[in-house]
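Trainee: Dropping the sequence and predicted coords here.
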Amino acid sequence: MRALALAGAVLLALTGAAAAQQIDLGGIGQMSGSTVGTIIQLFGLVTVLSVAPGLLIMVTSFTRFIIAFSILRAGIGLQSTPANLILISLSLFMTFYVMSPTFDRAWNEGVQPLMENRIEQAEAMDKIADPFRTFMLDNVRDKDFDLFADLARERGQTVSREEVDLRILVPAFMISEIRRGFEIGFLIVLPFLVIDLIVATITMAMGMMMLPPTVVSLPFKIMFFVLIDGWNLLVGSLVRSFT
């Protein structure tokens, strides 16, 4: 439950101090700096809430999971089974499982101390971001990281891998995850492609040119995937693919 509630708790905790302040609407024409800061924080909260699903995709293992499952469904030849809701839900819970150490660390070191007023918001944001930065650094490809690091250096920025800016690390991590998702998808599709080729060759040899090979191969692909306990193998391999 702690992992499931982390995203919402982070957003609420980061604006806890802002919510505790009162805005004097009667003196709106003479707003103080603290009032303006509170308004900016509230706008920031609304903005973060609107992009929260995207944040989950960008800094976690969700991307690799959903790409692999989507390619699996296409490789078998099923259009809408399993449904998108099922694949997304499975990917989400697998993400919570893989990311649970990261979520726990962000909660214990950043969110909880902030809620107890033991640290300031700026320090809390750094402590919440550090576990995700560590996770992304452990799983990003060096080539992808170097690409965005070089682009940043061309603009005159100083890049350090130990304290890399999230604006550099997040896109590098995303394209790295997309690439790995396609690599895994390629390995998933190969056996189904072999079944399609065998069925197509047999139907052509039998003169059944008007019969689509996919209609015949579909039950064989489903049976093959079930017999090898494909879901167990695929989910286990995906989870183990993260360091």
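Mentor: Received the coordinates, thanks.
Trainee: Can you tell me the SS state at G207?
Mentor: coil (DSSP: H, G, I helix; E, B strand; the rest coil).
Trainee: what about it, how many residues close to it?
Mentor: G207 has 8 neighbours, counted by other C-beta atoms under 10 Å. Glycine gets a C-beta too; all of them are placed from N, C-alpha and C.
Trainee: do you know how far it is from I228?
Mentor: Counting by C-beta to C-beta, to the nearest Å, the separation of G207 from I228 is 32 Å.
Trainee: what residue ranges in this protein score low on pLDDT?
Mentor: 1-37, 41, 44-45, 48-49, 52, 243 (pLDDT under 70).
Trainee: Could you check the helix or strand hosting S176 and say which residues are buried?
Mentor: Counting by DSSP states H and E, the element that carries S176 is helix 166-205. Going by neighbour count (16 or more other C-beta atoms under 10 Å), the buried part of helix 166-205 is 168-177, 180-181, 184-185, 188-189, 192, 195-196, 199, 203.
Trainee: Which other helices and strands does it contact?
Mentor: helix 52-59, helix 62-76, helix 121-139, helix 142-154, helix 213-227, helix 230-240 (3 or more C-beta pairs under 8 Å, 6 or more residues apart in numbering; DSSP states H and E).
Trainee: Mean neighbour count, these: which tops it?
Mentor: helix 62-76 (a mean of 21; mean count of other C-beta atoms under 10 Å).
Trainee: ok, the closest residue to V59 other than its chain neighbours to Y97 distance?
Mentor: Distances taken as C-beta to C-beta, 6 or more residues apart in numbering place F132 nearest to V59, at 4.8 Å, with adjacent residues excluded. The spacing between F132 and Y97, counted by C-beta to C-beta, is 16 Å.
Trainee: I'd assumed S61 was in contact with the residue nearest to V59.
Mentor: No: contact criterion C-beta atoms under 8 Å: F132 and S61 do not qualify, at 11.2 Å.
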